[in-house]
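I would like the atomic coordinates for the input below:
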Amino acid sequence: MTPDQVKLVQDSFAKVAPISEQAAVIFYDRLFEIAPGVTAMFPSDMTEQRKKLMATLAVVVNGLSNLPSVLPAASALAKRHVGYGAKPEHYPVVGGALLWTLEKGLGDAWTADVAAAWTAAYGTLSGYMISEAYGSAEAAE
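Residues are numbered from 1 along each chain as shown. Have a look, this model is predicted:
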């Protein structure tokens, strides 16, 4: 990621933060719509899960300018997700739901450059997480 992309991700996330609760609802609604099979991996009461999602995103987004600072937490998160039943093929689906949510939440502020920056950020982190959880062969696929 370029420094400009990091800034775009951080600035756009700052615009979503005030509606974080709504954004989390939109995200999970979209995820369960496009991948109904993952619903069983989540609790029936999603209140805490939605808070965890937004808190984790905030940590990651704020840490993008010093990526090594967030990699240990990303590794631990990836390994925990294996225990929940997450598979490498779930990562692109989650990424799609995240990008869709950001597009809805940002409206006109969702530009091609912002989309490219978020795609780069998610691709970098998800590739790392897949590699940490499943090995580098899975991340390359």
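
Now residue 116: closest residue in space, sequence neighbours ignored.
residue 5 (7.1 Å; Cβ to Cβ, 6 or more residues apart in numbering). In this view, the C-beta of every residue, glycine as well, is placed from N, C-alpha and C.

Count the neighbours of the one you found for me.
Counted by other Cβ atoms under 10 Å, the residues lying close to residue 5 total 19.

Now the element after the helix or strand encompassing it, going C-ward?
Taking DSSP states H and E as the criterion, residue 5 maps to helix 3-16. Note on helix 3-16: by DSSP H and E, the next helix or strand toward the C-terminus is helix 20-34.

I'd like to check the angle between that next one and helix 3-16, please.
Counting by axes from the mean of the first three to the mean of the last three Cα atoms, to 10 degrees, helix 20-34 lies at 100 degrees to helix 3-16.

Make 825 the first number, not 1, from now on.
Okay, residue one is now 825; in that scheme the one you just asked about reads as helix 844-858.

Mind listing what's buried along the following helix or strand past helix 844-858?
Counting by DSSP H and E, the element after helix 844-858 in chain order, helix or strand, is helix 871-887. By neighbour count with 16 or more other Cβ atoms under 10 Å, helix 871-887 contains the buried residues 874, 877, 878, 881, 884, 885, 887.

How about the very next helix or strand once past helix 871-887, which residues are buried there?
Using DSSP H and E, the helix or strand that follows helix 871-887 in sequence is helix 895-908. Buried residues in helix 895-908, counted by 16+ other Cβ under 10 Å: 898, 901, 902, 905.

What's the separation between the nearest residue to residue 877 once chain neighbours are set aside and residue 879?
Excluding its sequence neighbours, the residue lying closest to residue 877 (Cβ to Cβ, 6+ apart) is residue 848, at 5.2 Å. Distance, residue 848 to residue 879, by Cβ to Cβ, to the nearest Å: 10 Å.

Equivalent analysis for residue 934, please.
Residue 934 sits 23 Å away from residue 879, taking Cβ to Cβ as the criterion.

check contacts around residue 888.
Applying Cβ atoms under 8 Å, 6 or more residues apart in numbering, we find residue 888 in contact with 825, 830, 833, 834, 894, 945.

For the third one, list the residues it contacts.
The contact partners of residue 833, taken as Cβ under 8 Å, 6+ apart, are 825, 885, 888, 938, 941, 942, 945.

Since that was my last question, I'll sign off now.
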